[in-house]
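Enquirer: Pasting the sequence and the predicted model now:
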Amino acid sequence: MITERQLMERTQQLEVEYATEIADIRAVQRRNFLRILDAFHAVGLSTSDLRPMSGYGIGDNLRDKTECIFAHLYGAQAALVRPQIISGTHALAIALFGVLRPGDLLCSVTGAPYDTMEEIIGIRPSDGSLAEFGVSYVQCDITASPAEQWEEQLERCFSTQLPKLVLIQRSRGYKRIRALCEGEIARMISTVKHVSPKSLVLVDNCYGDLLEDREPTMDGADLLASSFMKNIGAGIAPTGGYVVGTSRAVALAATRYSSPGVGAEIGPNLGFAETFLRSLLFAPMVIEQVLTGNVLASALLQENGFVVDPGPHEIRGDIVLRIECGSRERFAAFARAVQECSALDADAVPEPSPMQGYETEVLMAGGTFVQGSTIELSFDGPVREPYVGYLQGGLNAWQVVQATARGIVYSMNVRK
């Protein structure tokens with residue numbers, strides 16, 4: 001029986017074998033860091049700006065400069081970057097409710113959305129959903145077809161009504177096999193705009209920030225949303241989220257962040273804006289570690305008989321590694337291994353439990369400093385066949401590798 005130590009030693013060899021992939025990751029993150037620094041310089045941030053604001057937040061200079069930095073970085077006209085945005089789901093809800101009105105149509109062109117979005121949209125009944133406000137919803141999955149067929153598929157999907165808003169989900173979520181790379185997203189946006197020029201495009205960028213040289217707003221997306229619990233939080237930011245995009249679309253989203261007539265003018269930074277900026281500077285380094293760990297983990301898992309996506313050679317559209325565990329017992333064993341390799345609560349035993357926003361029980365592992373952080377090492381998935389787990393994050397690549405090696409050993413013991 002193979003041991004964890006043998007697997008760790010093998011990973012050192014894999015680091016050499018996949019040196020090209022790892023070097024490519026480092027090169028992209030070097031360029032991303034320089035883009036971030038350029039955004040700081042373009043806005044002209046100084047130490048005198050680093051002041052917390054409380055109360056209404058009227059005239060909050062640090063908040064405003066932070067949002068200018070994000071807008072510059074993402075190639076957008078405007079940004080809403082606030083600690084009061086609790087999660088990626090919350091950021092997306094702000095964007096959706098800001099833009100859509102009764103009688104409008106929302107269309108997801110990447111298939112079924114993430115589980116937590118179902119109640120917002122009204123796919124599963126919930127108080128206060130878009131469906132309750134008279135917003136219709138349709139979905140199609142153009143990712144399952146060659147790009148040459150996308151236009152025809154969209155024409156069929158939009159045949160009865162043109163959508164006010166088109167949703168593109170970058171990450172795989174629990175339902176889709178693979179994540180989308182920026183080139184694919186750019187082509188999707190272009191196709192949507194060709195078929196329905198007046199439709200706005202919202203990209204769910206959760207788990208996808210700063211993975212490549214470009215962001216969807218640089219390629220025509222009207223809105224982009226994510227949270228600081230993911231890539232750009234770098235394991236430092238304790239809360240918060242963002243919406244970036246065109247001035248008009250962000251202004252509409254801001255009316256749902258606060259209230260109509262007020263929008264983005266209120267909402268104090270509460271001292272978090274400085275943390276957001278610091279996390280942004282650390283993000284490329286952390287993302288490099290995550291992706292390096294992801295490459296090595298996928299190679300190690302493949303060698304030991306696991307079906308994974310993406311493979312070690314593939315371009316990554318998010319920070320998530322999809323692992324087919326094959327049985328409930330192996331799924332639980334892998335989760336236990338990840339928990340044991342966490343910095344906090346390493347002695348805890350993950351158990352399936354109901355979770356708000358999810359239809360089935362979810363098994364989650366990860367001792368994170370920020371509750372719910374997925375840029376820190378974590379592993380989760382719905383407790384249903386085929387028992388697929390999602391490994392994400394890891395502030396250090398070797399933490400990802402150790403968790404993977406232990407997960408392989410524990411899973412093999414179950415199989416035996």
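Expert: Now that the structure is in, tell me what you want to look at.
Enquirer: Report pLDDT for residue 217.
Expert: At residue 217 the predicted local distance difference test score is 99.
Enquirer: Not counting its neighbours along the chain, what's nearest it?
Expert: Beyond its immediate neighbours in the sequence, the residue positioned closest to residue 217 (C-beta to C-beta, 6 or more residues apart in numbering) is residue 76, lying 4.4 Å away. Where C-beta positions appear, they are placed from N, C-alpha and C, glycine not excepted.
Enquirer: any idea how far that neighbour lies from residue 247?
Expert: Taken as C-beta to C-beta, to the nearest Å, the spacing of residue 76 relative to residue 247 amounts to 9 Å.
Enquirer: quick one: which of those two has more around it?
Expert: Set side by side, residue 76 and residue 247 show more neighbours around residue 76, with 25 against 11, by other C-beta atoms under 10 Å.
Enquirer: Hmm, residue 224 and the residue nearest to residue 217 touching each other?
Expert: Yes. Here residue 76 lies in contact with residue 224, judged by C-beta atoms under 8 Å, at a distance of 7.1 Å.
Enquirer: tell me, what's touching those two both at once?
Expert: Residues touching both residue 76 and residue 224 (C-beta atoms under 8 Å, 6 or more residues apart in numbering): 217, 244-245.
Enquirer: Distance to residue 194 added to those residues, as TSV?
Expert: Shown next, in TSV, are the shared contacts of residue 76 and residue 224 (distance: C-beta to C-beta, whole Å):
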residue	distance to residue 194
217	18
244	23
245	20
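Enquirer: who are the neighbours in contact with residue 292?
Expert: Taking C-beta under 8 Å, 6+ apart as the definition of contact, the neighbours of residue 292 are 22, 25, 397.
Enquirer: Revised request: answer the last question for residue 130.
Expert: Residue 130 makes contact with 96-97, 100, 106, 120-122, 137 under the criterion C-beta under 8 Å, 6+ apart.
Enquirer: Can you pick out the most distant pair from the residues you listed?
Expert: Across those, the two members that end up farthest from each other (C-beta to C-beta) are 97 and 137, 13.5 Å apart.
Enquirer: Among the contacts of residue 292, name the ones in helices.
Expert: 22, 25, 397 (DSSP state H).
Enquirer: before we move on, which element is the closest residue to the second one other than its chain neighbours in?
Expert: Think residue 25. Computed as C-beta to C-beta, 6+ apart, the closest residue to residue 25 that is not its neighbour in sequence is residue 291, at 4.6 Å. If you go by DSSP states H and E, residue 291 is part of helix 272-303.
Enquirer: cool, and residue 168?
Expert: strand 165-169.
Enquirer: just checking, what packs against that strand?
Expert: Here strand 165-169 is seen to pack against helix 88-99, strand 105-108, helix 182-195, strand 200-204 when contacts are counted using 3 or more C-beta pairs under 8 Å, 6 or more residues apart in numbering; DSSP states H and E.
Enquirer: Show me the contact partners of that strand.
Expert: Contact partners of strand 165-169, identified using C-beta under 8 Å, 6+ apart, comprise 96, 99-100, 104-111, 113-114, 176, 180, 185, 188-189, 192, 196, 199-204, 216, 221.
Enquirer: out of these, which are buried?
Expert: Those of the contacts of strand 165-169 that meet the buried threshold are 96, 99-100, 104-110, 113-114, 176, 180, 185, 188-189, 192, 196, 199-204, 216, 221, by 16 or more other C-beta atoms under 10 Å.
Enquirer: Near residue 394, how many other residues are there?
Expert: The number of residues near residue 394, taken as other C-beta under 10 Å, comes to 30.
Enquirer: again with residue 356
Expert: Using other C-beta under 10 Å: residue 356 sits among 6 other residues.
Enquirer: Pretty sure residue 186 sits against residue 213.
Expert: No. At 11.8 Å, residue 186 and residue 213 do not qualify as touching, with contact defined as C-beta under 8 Å.
Enquirer: what about these two, which has more around it?
Expert: Between residue 186 and residue 213, residue 186 has the larger neighbour count (other C-beta under 10 Å), namely 17 against 12.
Enquirer: domain ranges for this protein?
Expert: Under the assignment named as automatic domain parsing, the residue ranges that make up the domains of the chain are 4-31+281-415, 50-270.
Enquirer: among those domains, which is nearest residue 39?
Expert: When the domains of the chain are ranked by distance to residue 39, counting by C-beta to C-beta, first place goes to domain 50-270 at 4.1 Å.
Enquirer: now do the same end-to-end measure for that closest one.
Expert: For domain 50-270, the separation between the terminal residues is 11 Å (C-alpha to C-alpha, to the nearest Å).
Enquirer: pLDDT value on the residue nearest to residue 25, please?
Expert: Residue-level confidence at residue 291 comes out at 98, pLDDT.
Enquirer: hmm, back to that, output the strand holding residue 168 as CSV - backbone C-alpha positions only.
Expert: Listed next in CSV are the C-alpha coordinates belonging to strand 165-169 (Å, rounded to 0.1, in the frame of the first residue of the first chain):
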residue,chain,number,x,y,z
LEU,A,165,-29.9,40.1,-18.8
VAL,A,166,-27.8,37.2,-19.8
LEU,A,167,-26.0,35.3,-17.0
ILE,A,168,-22.6,33.5,-17.6
GLN,A,169,-21.2,31.4,-14.8
